[in-house]
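Peer 1: Need coordinates for the below:
(one chain, ligands or ions: 1)
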Amino acid sequence: MDFSKVLQCRQSTRHFLPEQISREQLEKLLDAANRAPVGSALYRDIHLTVVQDRQLLLQLCEAAWNRFSSAEKVREVAGEVVKKTPGMEKERKPDLFYGAPTVIFVSHRKQTLQPGIQWANVTSVVNQMHLAAADMGLGSCYMWGALESMRMLPEWDHTELLQLPEDFEPLLGLAVGYPAEELRPKETAHDPLSVNFIP
Ligand SMILES: Cc1cc2nc3c(=O)[nH]c(=O)nc-3n(C[C@H](O)[C@H](O)[C@H](O)COP(=O)(O)O)c2cc1C
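Peer 2: Take a look at the predicted model:
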């Protein structure tokens, strides 16, 4: 796909078909991740986990289910996304991965050397895969909510299911699959970002 079309088609998919992506598509996503810019080229500080086990994914939702005790809480945490996801407020146990057959978690080595760079690094990797998915006509969506909920409610933290190397923590993920609705170029729904020009 032409790159400007990829940018126009890039969007968060929140309804996936159950059909699994192919091995070749998965390899392309992982290749895109490996081509992402990473601070100080510390690629060894990043770890990817490909999960294609729906049961495991639902277990990772448990912290969020316990956190979203009321519709008010759902609105507070999920903000604008609630409006785009019918039923989200009412569902007691929503699938935070929206039925995606594959989720790629991006973990980072715990570190204090450059505080905050781990967040920038995992975002760089996830965004690279998000764009590569759009290029292949696959739907994808950043996944923050489930992991944040596990950090907020340690008693429901199932990070161990990801079998991470020692000293790594999962910070972000990307849900991927065939979108229920084909990706089409879309207008930005928000006001343009504010910009100042100097001079
Ligand atoms: C860091 C980050 C975390 C996000 N986490 C989630 C998430 O957990 N669940 C979700 O449905 N969308 C998540 N999103 C997607 C945003 O809600 C989405 O990008 C925004 O609403 C704009 O919509 P668009 O991507 O369709 O243009 C996340 C996006 C970013 C950049």
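Peer 1: remind me, longest strand of the chain?
Peer 2: Identified as the longest strand of the chain according to DSSP state E is strand 168-177.
Peer 1: Show me how far that strand is from its chain's centre.
Peer 2: 5 Å (C-alpha atoms, centre = their mean, to the nearest Å).
Peer 1: And for stretch 23-33?
Peer 2: Counting by C-alpha atoms, centre = their mean, stretch 23-33 comes out at 15 Å from the chain centroid.
Peer 1: what residues does that stretch touch?
Peer 2: Residues from elsewhere that reach stretch 23-33 (C-beta atoms under 8 Å, 6 or more residues apart in numbering): 48, 50, 102, 104, 106, 125, 128-129, 131-133, 136, 138, 174, 176. For the C-beta atoms, the positions are set from N, CA and C on the backbone; glycine is no exception.
Peer 1: Which of these are buried? Put it as a PyMOL command.
Peer 2: To isolate the buried members of these in PyMOL, using 16 or more other C-beta atoms under 10 Å:
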select buried, resi 48+102+104+106+125+128+129+131+132+133+136+138+174+176
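Peer 1: just the contacts of stretch 23-33 now: which is nearest the ligand?
Peer 2: Leu174 (9.6 Å; C-beta to the nearest ligand atom).
Peer 1: what are the bridge partners for that closest one, then?
Peer 2: Ile104, Tyr142 (DSSP bridges).
Peer 1: just use 125 as the starting number from now, easier for me
Peer 2: Fine by me, first position is 125 from now on; the one you just mentioned is Leu298.
Peer 1: Do I have it right that it meets Ala256?
Peer 2: No. Here Leu298 lies out of contact with Ala256, judged by C-beta atoms under 8 Å, at a distance of 9.8 Å.
Peer 1: if we can go back for a sec, out of the contacts of stretch 147-157, list just those in strands.
Peer 2: Per DSSP E, the subset of the contacts of stretch 147-157 in strands is Leu172, Val174, Thr226, Ile228, Val230, Leu298, Val300.
Peer 1: Let me have those in CSV, extended by pLDDT and distance to Thr236.
Peer 2: What follows is these, written out as CSV (pLDDT from 0 to 100; distance: C-beta to C-beta, whole Å):
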residue, pLDDT, distance to Thr236
Leu172, 98, 23
Val174, 98, 28
Thr226, 98, 32
Ile228, 98, 26
Val230, 98, 19
Leu298, 98, 26
Val300, 98, 32
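Peer 1: Closest one of the residues you listed to Pro142?
Peer 2: Pro142 has its nearest neighbour among the ones in strands among the contacts of stretch 147-157 in Thr226, at 11.2 Å by C-beta to C-beta.
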